[in-house]
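*Asks:* Here is my input; please provide its structure:
(chains A and B)
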Amino acid sequence: MPRVRHWKLLLFASCFMTLWAAGPLRADSGATAKVRSVLDKAMEIQTNPSLQGTSHRKERAGIIRKLIAQNFLSSEMAKESLQEYWGRISASQRAQYRTLLTAIFIDSYTRQVVDFLKQEKIQYPGESPEGAFTKVKTVIMRTDEHIPVDYIMEQSGGKWMIRDVLIDGVGIVETYKSSFATFLGAHSFSELIQRMAIQKRANEGL
Amino acid sequence: MKLLAWFTEKLVAWVLPRPRLVLIVALLSAVASLWLATTRLGVETDQLELVSPKLPLITRSAMLDQFEFHGKTTFTLVIKAPSQDRAIEFMKAVVSKINADPKHFQGVFYRVNPDEFKKWLLYYLDKNDLVDLRDTIGQNSKMVQNLSENPDLLNFFTLVNDDMASKMVGQLFTGFLDDKKPSTPKGKPMDLEFMIKVLGGFSQYLSGNPEYVSPWSSFFKSGSWDLQKEGYLWQGKKKLLVAEVMPSKVKGEVSKTLGSLERLRSDIGELKASGFSDVEAGVTGQEALNNDQMLTAMSDMTKATWLSLLGVILVMALFLRGFRHPLIIALTLLVGLCWTFGWTAIFIGHLNILSIVFAPMLCGLGVDYAIHWFARFEEERTLTDAPRLEIIKNVMGKSGPGIMLAGISTAFSFLPFILTGFRGLMELGMITGMGILFILIADFTVLPALSCYLANRGPVPGRSAGKRKERYLLRLGPKGIRAILAAAIVFTALGVIGASHVHFSLNPMRLQSKNSESVHWEKVMVENSDRSILSAALITNSAQEVEKESARFRALPTVSDVDNVFSLLPDDQEAKIPILRSIAQAVPGLKSSIAGLSAANLDPPPAGDAAYKASLIDVLERINFKMQPDQASKWGASKPQVQQMSTVRTFMGEILQSLHKSSPARAKRLLQYRERFRKDIVNQWSIISSGSSASPMTIRDIPAQLRDQFYQNGRYVIRIYPKGAIWQEGTLTDFVKSLETVNPGVLGDPVSLYVFSSAFKKASIEASVYALIAVALILLLTFKSLRLMLISLVPLIIGSIWTVGLMGATGFDFNLANSIFMPLVVGAGVEYGVIILYRWREGMSGYGLLPYSTGKGVILAALTTTIGFGVLMISENQGIFSLGFVAWSGSICVLLSALLILPSILSFMNNPAPVLEKETKNATC
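*Replies:* Below you'll find the predicted structure:
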């Protein structure tokens, strides 16, 4: 009897160890690594001594813009942000809308990164499934202040891409969705396109 | 004159053989008089009763008094503290002392119970404020809904952070959709005022300040109430906290409320010494002012009476070269004063603020006759070696009638005050007039009786009769006479010019003692009050009349504001109902577990645990991350917004620092703050929730303590506030007269003041005229010559013009105290004229000459009179001081006029010696 007991205990310990060891592997599916690499790159650009100062701001913004364009699924964001309207508009309108939203989003995000991101201490508390996607949690830590920023990741063409960002719980795609819905409740789609075009032109000076 | 001579002779003939009996009777009657005065003589302070006890306004004012704490006398307690909370704390402490002392206090009105009008608080908001409130609730519906479920501090910050995050992300990514004039809540720029209020209060509380600052006034704009602080009687933009204290009246004191006033002041002093040193507080109001005024006046008058007596004795000792005669004069005067007190106690029973000055005045005025008597006594001593009794008889025979005439003239310059019908002056006239007569009686009984024992004997050593006969105080040649008359004309002209600058001041504050506590606090109230602290009033019997009369009063250019019971109700209630109902729909009910409970009955939150604190720190740090003033500035935030962000970060730093440190005291403070925060939300909720569905307020809903001031038993009071400075005579007259055009039945303080001051002015003028007429008649009957009568009035008329001119030059105005100077000076002015004229009629004077003894007597009498009036200037009471100054300068002017102008005028007249000799012979026969 004592032998049997030892054997059972050993089996239980092995199973526990395996599961315990598998946990982090399952959590770090590559999505976190991707987010970490994007953020590291962004911080590297932001803190690159040769890119400091207002004279290099445009150059720095260009590099950041490129980084965002490479890592965000902005066309998917465009589609999702329009909800049922997407089905009601023509292909050319869709293309026009997608182009404008992608440009506006990238510009807005770029500006945010350029203006706010420094050499930050970032915590990565883990990742979790979010429907068909994976949510990667991060927290930007500063003295007496912090902010959680969650990334919704989707695998596309074998690569992890960012599909949405939740800043302190508020999703960018969700913000687009609700704002556009409110706007289209009172205005036409062409007015929305017009506003987006104006915003795009305004962002060109960034 | 014959009659006076006869009476004097008979009186002296009766007194001189029995001086001991006279003195014993005088002593006993003086002691009895003093006993009567101490047991029966009271003091009255009511200003209106000085006019007339039968004045219809008094009866109507008594009706108005019913609307002010049901006719109870009140003191006004005023508190000025560094903060409203501190003032309330002090008020509660005083109220608890008052309530615990029924012996001194009947009660205190310091607060209208806020629960009684809580239901209608929303109706008191402006329509625009209500719309703002509705919009705020609508725009923050998520937060409002969520807080109704969980009114906790952590939940609140979490909701704020969610809102901020949503606004921030919205602004970053879809801000371009916002119209220039935002139509959506998301488009509104972030206003951090509310956050600053919350964080500031939270930070202070955590750092140990027990004052809870409700942030909801910022969130709901005007629609926020802290019921703990509502209902107090604030004044002067909430700088002063006041209460009305009802004293218990105790019989037997000089003032029946004095004991309560002293106790209240002592209570305040004790509280200040026991932890309220930062709070200023005091007592004022009409009753306190009256008490202080009476106390000051009585104390000053006691001092003044003794000082006057001492001064008079010293001056006499100096002039009469010894203490023996001054002692006789002082004892005679004392007997006369005692008789006057006794007579007053029996026939009047009280003194008032006007008649309280009679004693020191009588010292100055009444002593004159004895002085003239002794001046002549000294002269007679130089003329003859006759024994003392013979000299006394001579003096009585020669100067007695003149002295008697001067005394009666002076008495009759006061007695006609009775004809004015103004009670204060009537009493002053009776007391002073009778006082002069009593002193005169003493001068013809006690004085000769005392002189039989104490007066100096024999002739003045070292002087011959021949030489003494030639002594004159004044020798004027024709040039001197012309110069004096020319100077008199010039000074009189200057006097007329100066007099044109003298006005009549009504301000009762200018009559009070500057150092009086009640005056200090009354001034503080006047300075801090948003409108006049005095209001007129009208009592009506119907609501329609109230509306109609109020509208007519409002239309007057002299009126700034009109209050009635209906103006206590919220404005435009019907128009506010739809807005309120829409608020009612937007406000969710509180969670069932807290709905129906008042804030006071809420269970305290569970004790703060580490997880709660960690969550609180987490959410506060997340909020802090969003406050980046430098970046906000770059992104185009306005300067105030950037400043607000910096302030938020400062408070956030303080709070986080406190939360990171753990100690039982800090944990307790956090728990207490959570509790107060939750109660505060529940309070606001219940006010908005019940208020938005309440029916319009009616006068029945007004808290009784407030309503009773405007409506009682079917009677309504309209209160009308003046525009402009009510203390200026012109403004007051215009105000009252314009009100009387709307309704002649108006009453209240301005009306009383107007009636009082008008009656007083009229009475003062009438008193002067009556005094002049009475004196002129006496002089006419005595001298039987219109010319002599007019000449005897010259010192008075010229002296009065100079006095008023001097007032103009020194910046003194007539006021409610010094207006009586004229009738007071009449007595003195006539006396000097009569004495000089009488001596002149003896035929001893030549051209431009004033005999030494007569001049000396007049100067000494004038000096004693100026002492009598001058000592009034020691008073802290500014009214008595001004009366002292004016009467003092008046008596000096009258003296100069009598000494210089009268002999100059008489020098133009024939020597009347035979006339007097004839009269004297006839009288003797």
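*Asks:* ok, A:Glu127 touching A:Ala33?
*Replies:* No - using C-beta atoms under 8 Å, A:Glu127 is not in contact with A:Ala33, being 10.0 Å away. Any C-beta I mention is one placed from the backbone N, CA and C, and that applies to glycine too.
*Asks:* Show me which of those two is the more surrounded one.
*Replies:* Remark: of A:Glu127 and A:Ala33, A:Glu127 carries more neighbours, 23 against 14, as counted by other C-beta atoms under 10 Å in any protein chain shown.
*Asks:* Just give the closest residue to B:Phe556, not the sequence neighbours.
*Replies:* That one is not Phe; residue B:556 is Leu. B:Ser738 (5.0 Å; C-beta to C-beta, 6 or more residues apart in numbering or on different chains).
*Asks:* which ones are touching that neighbour?
*Replies:* B:Leu556, B:Pro557, B:Thr558, B:Val559 (C-beta atoms under 8 Å, 6 or more residues apart in numbering or on different chains).
*Asks:* bridging residues for the last one?
*Replies:* Same thing as B:Val559. With DSSP bridges as the criterion, B:Val559 is bridged to B:Pro722.
*Asks:* With just CA atoms, put stretch A:187-199 into CSV.
*Replies:* Extracted in CSV, the C-alpha atoms of stretch A:187-199 (Å, rounded to 0.1, in the frame of the first residue of the first chain):
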residue,chain,number,x,y,z
HIS,A,187,-25.3,63.1,-41.5
SER,A,188,-24.8,61.3,-44.8
PHE,A,189,-22.0,58.9,-45.7
SER,A,190,-20.5,61.4,-48.1
GLU,A,191,-20.3,64.0,-45.3
LEU,A,192,-18.4,61.4,-43.3
ILE,A,193,-16.0,60.9,-46.2
GLN,A,194,-15.7,64.6,-46.6
ARG,A,195,-14.8,65.0,-42.9
MET,A,196,-12.3,62.2,-43.1
ALA,A,197,-10.7,63.7,-46.1
ILE,A,198,-10.3,67.0,-44.3
GLN,A,199,-8.8,65.3,-41.3
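*Asks:* Tell me the buried residues in that stretch?
*Replies:* Using 16 or more other C-beta atoms under 10 Å in any protein chain shown as the test for burial, stretch A:187-199 gives A:Phe189, A:Leu192, A:Ile193, A:Arg195, A:Met196, A:Gln199.
*Asks:* pretty sure the fourth one contacts B:Leu177?
*Replies:* Read that as A:Arg195. Yes - A:Arg195 lies in contact with B:Leu177 (C-beta under 8 Å); the separation is 6.1 Å.
*Asks:* hang on, the earlier thing: in a markdown table, list the contacts of B:Ser738 along with pLDDT, distance to B:Ala442 and neighbour count.
*Replies:* Listed next are these as a markdown table, based on pLDDT from 0 to 100; distance: C-beta to C-beta, whole Å; neighbours: other C-beta atoms under 10 Å in any protein chain shown:
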| residue | pLDDT | distance to B:Ala442 | neighbour count |
| --- | --- | --- | --- |
| B:Leu556 | 92 | 58 | 18 |
| B:Pro557 | 91 | 59 | 9 |
| B:Thr558 | 90 | 54 | 19 |
| B:Val559 | 90 | 57 | 21 |
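*Asks:* which one of these sits closest to B:Leu437?
*Replies:* B:Thr558 (47.5 Å; C-beta to C-beta).
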